Structure formats: C-alpha cells, structure tokens
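Asks: Curious how this folds, go ahead:
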Amino acid sequence: MLTKLSLSEEIEHKNNQKISSDIVNQVRSHLKILSSNKNQKKIPIFQHYYLPQKRDKVMLHLTGYRSRIIITGLFFMSVFFVSLSCSDNAINDPQVVLEQLIIETSDQVIDCDGGWFNEGKPTNLIIRSKKINGTWVQTKNITIRNCKIKGAIRIMGLGVNGEAEGVRQSSISLGHTERAQQAAPTNITFTDVTVEGIARIPMYLSPGTTYVTVENCTFTGTSVSVTVYMDAESGHNIFRNNTFETIGDREVIAVDGSANNLIESNKFEYTKKGGIYLYRNCGEGGTVRHQAPQYNTIRHNTFDLKYLTWGNYGIWLASRNGNRSYCDNDDGYDFGSSIDDRDYADFNTLESNIFTGKSVREIRDDGRDNLIK
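Replies: The predicted structure is shown next:
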C-alpha cells in the first residue's frame, strides 16, 4: 500500500499506530539541508528512526534531485510503505525514478570489474527480445558479471508480465508455453552481481524466460513485492549460491507457473513473508496459465525464519490453489487454468534445506507427489 502524505500530517501505518510529529519535524530538517545545497544533483541520505515504545524500526530513503525530493519509507516490522511530498513540484510517482536501459543484441558480456553499472544511477535494466516484421528474434547469450546494480532487472519477450496483452492473446490457444519460450530471452547469466532494490521487484523473469543463471549474487535494498519473480511459462532457470537480504512485502522468490528450475545453496536472510512459494496465478488479467510449477528442485538452501509472520512458510508448495478473486477471468477455454484454478505444484524435489529460527512453519506441501527429504 502506497500513501501520499504532506509533511504536516502524522504518518500512520495499517495498525493505526502513529509516528510522532517529532519524526516528521526531523524529516523536514533534513529536507531543508538538502534544499540548501544547490550544487549537488543527488544527495542520498539514510536516516533511521524508532517508534516510541514499540521501537519498530523505520528507514527513510531520501534522494534529492535539485527541485524535487522523493522519500520512500519502509516500516521494517509492518512492511508498510509511505511517500511524503516535500515540495510543490515533487513528482507524483512515489518511487524513485529509474533510468531505463535496454539490451536487445545477443552475444554480449558486460563486466563492471566490481564497479557500478550505469555509474550507480537508479536503473531499470531490461533485457528483451525484438519483434521484426511480426516475428520474434530471441535475445540470447548475455553475461553480466562483477557489477553493482541499483534498481531493477527485467527479462522479457511476449510481454512485461503475465497480464500483458501479447501474453494474453497467445494464452487463449494451445501451444502458448512454446510460443512464450521462443519469444523470450534465453541463456542470460548474472555472476558476482549485487542488486540493490529500490521499491520495484529487483529481478523479474517475464513469461517464457528460460535458462537464466544467477550465481554468487547478492540482493539488498527494498521491494514492494518479492525479490525474484519467475512468471508463467518460464523455466530451466538456476539460482545458485546467492544471498537474499532484500526487505520486501511478500515471499522472497515467487515461482508462478514456472517449471524445471533449480534453486540451490542460497541464503535467505529475511523471510518475514515467506521464502519460496510455488503457485499458478490463475486468471489474472484474463490470461490462461498453461504450465504448472512442477519439476523444480530446491536444495541445500538456508532459511532464517526468525522474523517469519503467522500464516507464512519457509517453502510453500501450492500456496494459492485458486484462492484469488480474479481466477475466473480466464474462463471459456478447455485447457490450463481456465478449466482448473488449482496450482498443481507437483513432482517437485526439496532436499537438505536448513531452517533456522524458532518457527515450526518450515515447509507446507499442498501439492502432490513432491519429494521432500
């Protein structure tokens, strides 16, 4: 939930507990300091506050852009986002504006030698295929290594997500999974990369994305949702030896109708809303989901569950099973989620995963024929 407030108002989270006006005044003081510095284009400041008594930690991320300043706040304990307008010409978007960079040419290696990608500017990196004369030309063989990326990464073909019109149109006839995978990029590799999220989902594998390898990477920062999203009809992706520290408002990795993936030897440091969830997002946007989240292998991972909230799990197989209001929006076809809203998170393998913390909600299996050992 994103809410715009003026500085004169008290900030209130969903439990109706208010942050005192003293904090708002402190924010105003920081803004005055930022505004008085006319020579710098960007002045990032991180300031931490605490709520009285409850001591719920609050992080305010302030970024100045000369005549406009955006503030996004994250309540660590309630995971509730707010945006404060600080001047008459503050932009309406509550999130930091990301510069968009697009990669469409195959066979590239980008090596930052440990430095910042795009000079550390907040960036939306898009790796996408091209459509030429009505035919998709698949982008492939891209390697990004030894980089620090501030912002978000999206890999896409038919559409930006499962609700995109191109994806929906393809989904209403058989052969959709094959079409989506033939259109989306493939063989994309991220090695020794740090991704610092700024509200948006840090890594999004759009429908049909295949053979992405993410290895020895670290995910930090914030997300309004998950840290990694593997969307419908994607598959054969590998996440190995990564560290997930991003503060988000959902599970860390969403496996939404994605199959044959390998998730191994990763560290999940912040799992307040869950670790890895497998499901099929039936009907959203009117798109029929064809592929089920099956034949995935999740092994040798470590999950820190000390902040896990009630109703969530370290790993949840079949976490939705039609429990969404939009599941009937794809009715009318005799295949996929149009005829059955269940997740069918079956035939997956979970092996030698380690769960720390006091929670007993390590694994929930609502699928069938899953191997858990």
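
Asks: Would you map the helices across this protein?
Replies: Here the chain has its helices, by DSSP state H, at 21-36, 165-171, 176-183.

Asks: of all those helices, which has the lowest average per-residue confidence?
Replies: Here the lowest mean pLDDT among the helices of the chain goes to helix 21-36, at a mean of 49.

Asks: how about the strands of the stretch 251-373 of the chain, start to end?
Replies: 253-256, 262-264, 267-268, 276-279, 297-299, 302-304, 315-317, 349-351, 354-356, 363-365, 371-372 (DSSP state E, counting those that start in this stretch).

Asks: any chance of the ones you listed in TSV, with mean neighbour count too?
Replies: Yep, even glycine has a C-beta here, placed from its N, CA and C like the rest. Formatted as TSV, these follow (neighbours: other C-beta atoms under 10 Å):
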stretch	mean neighbour count
strand 253-256	27
strand 262-264	20
strand 267-268	20
strand 276-279	30
strand 297-299	20
strand 302-304	21
strand 315-317	26
strand 349-351	16
strand 354-356	15
strand 363-365	17
strand 371-372	12
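
Asks: Figure out which of those is closest to C147.
Replies: strand 267-268 (20.0 Å; C-beta to C-beta).

Asks: Partner strands of the closest one and their direction?
Replies: strand 243-244 (parallel), strand 302-304 (parallel) (DSSP bridges).

Asks: For these, could you give me JSON lines that also reports mean pLDDT and distance to G159?
Replies: Output for the strands paired with strand 267-268, formatted as JSON lines (pLDDT from 0 to 100; distance: least, C-beta to C-beta, whole Å):
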{"stretch": "strand 243-244", "mean pLDDT": "98", "distance to G159": "26"}
{"stretch": "strand 302-304", "mean pLDDT": "97", "distance to G159": "32"}
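
Asks: Figure out which of those is closest to V228.
Replies: strand 243-244 (7.9 Å).

Asks: Pull the contacting residues for S258.
Replies: S258 is in contact with L205, M230, D231, A232, E233, S234, G235, N237, Q291, P293, N296, counting by C-beta atoms under 8 Å, 6 or more residues apart in numbering.

Asks: again, only this time at 7 Å
Replies: Shown in contact with S258 (C-beta atoms under 7 Å, 6 or more residues apart in numbering): M230, D231, S234, G235, P293.

Asks: in this protein, which residue is closest to the centre?
Replies: I201 (2.9 Å; C-alpha atoms, centre = their mean).

Asks: Tell me the pLDDT of that residue.
Replies: Reported pLDDT for I201: 96.

Asks: Also the one 5 residues further on?
Replies: At S206, the model reports a pLDDT of 98.

Asks: Now do stretch 231-248: distance from first to last residue.
Replies: 18 Å (C-alpha to C-alpha, to the nearest Å).

Asks: List the buried residues of that stretch.
Replies: 231-237, 239-240, 242-248 (16 or more other C-beta atoms under 10 Å).

Asks: And stretch 314-328, by the same measure?
Replies: Per 16+ other C-beta under 10 Å, stretch 314-328 contains these buried residues: G314, I315, W316, L317, A318, S319, R320, N321, G322, C327.

Asks: can you redo these as TSV with pLDDT and distance to T139?
Replies: Formatted as TSV, the buried residues of stretch 314-328 follow (pLDDT from 0 to 100; distance: C-beta to C-beta, whole Å):
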residue	pLDDT	distance to T139
G314	97	34
I315	98	32
W316	98	33
L317	98	32
A318	97	33
S319	97	31
R320	93	31
N321	92	35
G322	89	35
C327	92	32
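
Asks: re the thing from before, next, format the strands paired with strand 267-268 as JSON lines and append distance to N266.
Replies: As requested, the strands paired with strand 267-268 are exported to JSON lines (distance: least, C-beta to C-beta, whole Å):
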{"stretch": "strand 243-244", "distance to N266": "7"}
{"stretch": "strand 302-304", "distance to N266": "7"}
